[in-house]
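Please find the sequence and the predicted model below.
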Amino acid sequence: MYHKHLVYLFVLSIAMIYSPLANGQYENKSLEAVRCDIAPKIDGSLDDVCWMSAPKAKGFVEDKPDPGTGMSQETEVQIVYDDEAMYIAFMNYDSAPDSILQQLSGRDSDGNSDYVAITFSCYRDGINGLTFATTPTGEQWDARESGTFGEDVSWNGVWDCRAKIVANGWIAEFKIPFAAIRFPDSPEQLWDINFVREVRRFREHGFWRGVDPEVPGYLTQMGTLSGIKNITPPKRIFLYPYASYYENFLETSENKTLRQTAWNAGLDVKIGLNDAFTLDATLVPDFGQVISDQRVLNLTPFEVQFQDNRQFFIEGTELFSKGGLFYSRRVGYLRDDAYRGLSLTEDEYLKEGPQTLQLLNASKVSGRNSKGLGIGVFNAVTDRAIAIVGSTASDLERSVEINPVSNYSVIVLDQNLKNNSYVSLINTNVLRIGEAYDANVIGTEFDLRDKRNRFSITGGGAYNRKTGGIYKNDDANDDGYTARFDLNKIDGNWRFSAGTAVESDTYDPRDLGFLFANNSIENYLWAQYRVFKPFWRINNMNTSLSMNYNRLYNPGVFTDVYLQSTTFVNTRSFTTYFLNVNSSPIRGYDYFEPRTEGRYFRTFSYVGTNGWISTDYRKVVALDIGGGIRDYENEERVILSWNVSPRWRVNDHLMLVYNYDYEKHTNDVGYATQDDLSQPIFGRRDVTTHATTLSANYAFNPFMTLNCRVRYYWGFTKYKEFYDLAENGEIIPSGFAGFVDDSGVNQEYSGADQSFASFTIDMFYRWIFVPGSELSIVWKNDVSQYDRGKPIPSRLVDGVDYTFAQPQNNNISIKVLYFLDYRSLMSKKNRA
């Protein structure tokens, strides 16, 4: 069966060149908003007087699955306004109202449901916008839209909506206060606008002003909204006071439980500085209710990048993402190498050491003026971090400063240009009190497009410098830079890209940014053919080829070549197939794996393939399944992986998703340790990982949800043989005697074995009791254990038992956040 699917995908890839082309002709549309004397009641009914005469937007056009054709169900949209807000009404006709899909999934979640949406681009730049959406149950979804970074769902505006299923379809009513959006201060507004509808049971998705999938950018293909007159951008002063309570129960190795409690209170502030710019600040911030990191066993020489789940650092940060120089986890979290420079005597050990930093305050100003200039300023201050060092020879302890009081700042200037182009300037800076060094990175990013948006030139660069501390007498030899340049064809069925990227061996933006590895020169070619119109049994598909040729920056030597081919197919039954074939056909040179400057390891050539199948999510039960294999030049080395993820929609309130991932590296070769002369010792090993996750989501109503994620991860290595690394990069038999434990016994290979196990539970109850205000109750359970040189269980069930035998940490918290609108408070005060 697996081979049958491979042949199926191969034939489809060849057949693509004979498929029909998408229709690129779409009508420009406009709609006039009408001022109303009496605001409509937001109740999901269209019996208000204002809806009787307001113009209607009609004629929605599909973009999926059949671009350019009219949608099967009619839709009408109207907009009215008063001095406070806009009111939008959708009449979504449906030939079978009893078949409308309406799964509840919670705010900003994608469920198996119909929905409608409005997108505004008030400055008409083709790059930035806001989207507001709802479902037949009245659930809310909103996002910032960016032509560069896509949707930012973390943004949450304060607005209202109601929806209702009626005899001839369903109705949605929105109230979007002018204070929730940014727009120019002018007598009459002229905005870009588009409306969206999805009829889920048909998987039919369309727009009022048709969007051609062959043309890059959804925000470049909008209709226009006129008629909003004499509206002054309101003062935007929003206060979010909060109070929280935490109880923590930490088990110790002595089978005791330490109970800790904490009360917190603070304030988040959003202030509109003018019609375009907003100040966001958090005073005495509390981020204790974020979801747990998905930690893994890391055998590579590179840092693991984690997602930042703190709301303040992910909401409205699209400007600060320009250039890729800002990694928000640097603010408030210690780097993986924070303890690497800790000097300990033979009798000393690390007794206590924080992994996070106390954030004292953080603020950001962002916006875009009428001339298309986006400005972003971010600043945060963290307190000093102290570690406690103990002694085995006495009861004495000493304190060591791991990180001083630090100030982090980011400044971004982003200028929109003609043809949806832009150029950005970014500067990141870290200032530390005391003898520690300071760091600065300045960079740029640009995207220049031709008038028809067919071709683009993209690129950028950055320069970093560190001063003070260990760099006090530095002569700039440690300054580093990076640069990239790309030529792209970005529209139509055929798309191409070619480019080069350089990172010097001293480039290091990691004080406030992220970097896997520097010292590289990458050259690449990429080509893709895309089919948007359905043909035969296919809805849409694409196939691509790419090649990477890589060198070291210093010395300028070859490192590796990488080839890849991908095919993506979505069928008429809405089953999706993906196939990837990749190869590194020439033995390469890895200068990072030895962890020793100037040394390299000769990598082995390989051929690999992986793929997955995803069935139709409209079904009550759906299944995602995938797998892969990579075969290396040395015949004994192979990587095998597979995953399975069934999902069960129990009803329109409860959704269960299970996921299991397995990966096995047989006879993997990699760095193990160093010998007494600090020379790298390599090892042949088997590396196994199991990762399983169960997610349960229950929505009581559109405003109240209970979500739970249970995750178990276990990764381990078992070494078989040690090697020395020869000067030519080859591995040769080693005289390394192995590891000796505390009792003097030589453990040989098992002394290098590593194991990391982690079990987490994250349960979140969330109730949005009024728009912008919420109550959240969270339970977090964490069990984790890293071992080296200890016996490793042979079976998965034994590994689970071993994990649960470790000390646990349980945390229960409750938090109340309340939304206060300064304008509303003053209005009530004046009326009183």
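Thanks, I have it. Numbers count the residues shown, from 1 in each chain.

mind listing what's buried in stretch 411-418?
Neighbour-count burial for stretch 411-418 flags 411-416 (criterion: 16 or more other Cβ atoms under 10 Å). (C-beta placed from N, C-alpha, C; glycine too.)

Check which helix or strand the nearest residue to Ser641 once chain neighbours are set aside maps to.
On the basis of Cβ to Cβ, 6 or more residues apart in numbering, the spatially nearest residue to Ser641 that is not a chain neighbour turns out to be Glu663, at 4.2 Å. Per DSSP states H and E: Glu663 is located in strand 654-674.

Go through that strand and flag the buried ones.
Burial within strand 654-674, assessed by neighbour count using 16+ other Cβ under 10 Å, is assigned to 655, 657, 659, 661-663, 665, 667-673.

can you list the residues you listed in JSON lines and add pLDDT and distance to Asp447?
Formatted as JSON lines, the entries for these read as follows, by pLDDT from 0 to 100; distance: Cβ to Cβ, whole Å:
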{"residue": "Met655", "pLDDT": "97", "distance to Asp447": "38"}
{"residue": "Val657", "pLDDT": "97", "distance to Asp447": "36"}
{"residue": "Asn659", "pLDDT": "98", "distance to Asp447": "36"}
{"residue": "Asp661", "pLDDT": "97", "distance to Asp447": "35"}
{"residue": "Tyr662", "pLDDT": "97", "distance to Asp447": "40"}
{"residue": "Glu663", "pLDDT": "97", "distance to Asp447": "37"}
{"residue": "His665", "pLDDT": "96", "distance to Asp447": "39"}
{"residue": "Asn667", "pLDDT": "94", "distance to Asp447": "45"}
{"residue": "Asp668", "pLDDT": "94", "distance to Asp447": "40"}
{"residue": "Val669", "pLDDT": "94", "distance to Asp447": "41"}
{"residue": "Gly670", "pLDDT": "94", "distance to Asp447": "38"}
{"residue": "Tyr671", "pLDDT": "94", "distance to Asp447": "39"}
{"residue": "Ala672", "pLDDT": "92", "distance to Asp447": "44"}
{"residue": "Thr673", "pLDDT": "90", "distance to Asp447": "46"}
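
residues in contact with the residue nearest to Ser641?
639-641, 687-689 (Cβ atoms under 8 Å, 6 or more residues apart in numbering).

what's the angle between the next helix or strand along the chain from the strand holding Glu663 and strand 654-674?
Moving toward the C-terminus from strand 654-674, the first helix or strand encountered (DSSP H and E) is strand 680-701. When axes from the mean of the first three to the mean of the last three Cα atoms, to 10 degrees is applied, the directions of strand 680-701 and strand 654-674 differ by 170 degrees.

Strand 680-701: which residues count as buried?
Judged by neighbour count using 16+ other Cβ under 10 Å, the buried positions of strand 680-701 are 680-685, 687-693, 695-699.

Same question for stretch 547-554.
Of the residues in stretch 547-554, those with enough neighbours to count as buried (16+ other Cβ under 10 Å) are 549-553.

repeat for stretch 237-256
For stretch 237-256, burial by neighbour count (16+ other Cβ under 10 Å) applies to 237-238, 240, 242, 244, 246, 248.

ok so, going back, between the buried residues of stretch 411-418, which sits nearest Gln754?
Proximity of the buried residues of stretch 411-418 to Gln754 was ranked by Cβ to Cβ; the top entry is Val412 with 40.6 Å.

Provide the strand pairings for the host helix or strand of the closest one, with the direction of each partner.
Assigned by DSSP H and E, Val412 belongs to strand 406-417. Looking at strand 406-417 with DSSP bridges, its paired strands and their directions are strand 373-382 (antiparallel), strand 421-432 (antiparallel).

And the shortest one, how far out from the chain middle?
Mean C-alpha position of strand 373-382 versus that of the full chain (Cα atoms, centre = their mean, to the nearest Å) differs by 20 Å.

So which residues make contact with that strand?
Strand 373-382 is contacted from outside by 128, 277, 319-320, 326, 331-332, 357-369, 403, 405-416, using Cβ under 8 Å, 6+ apart.
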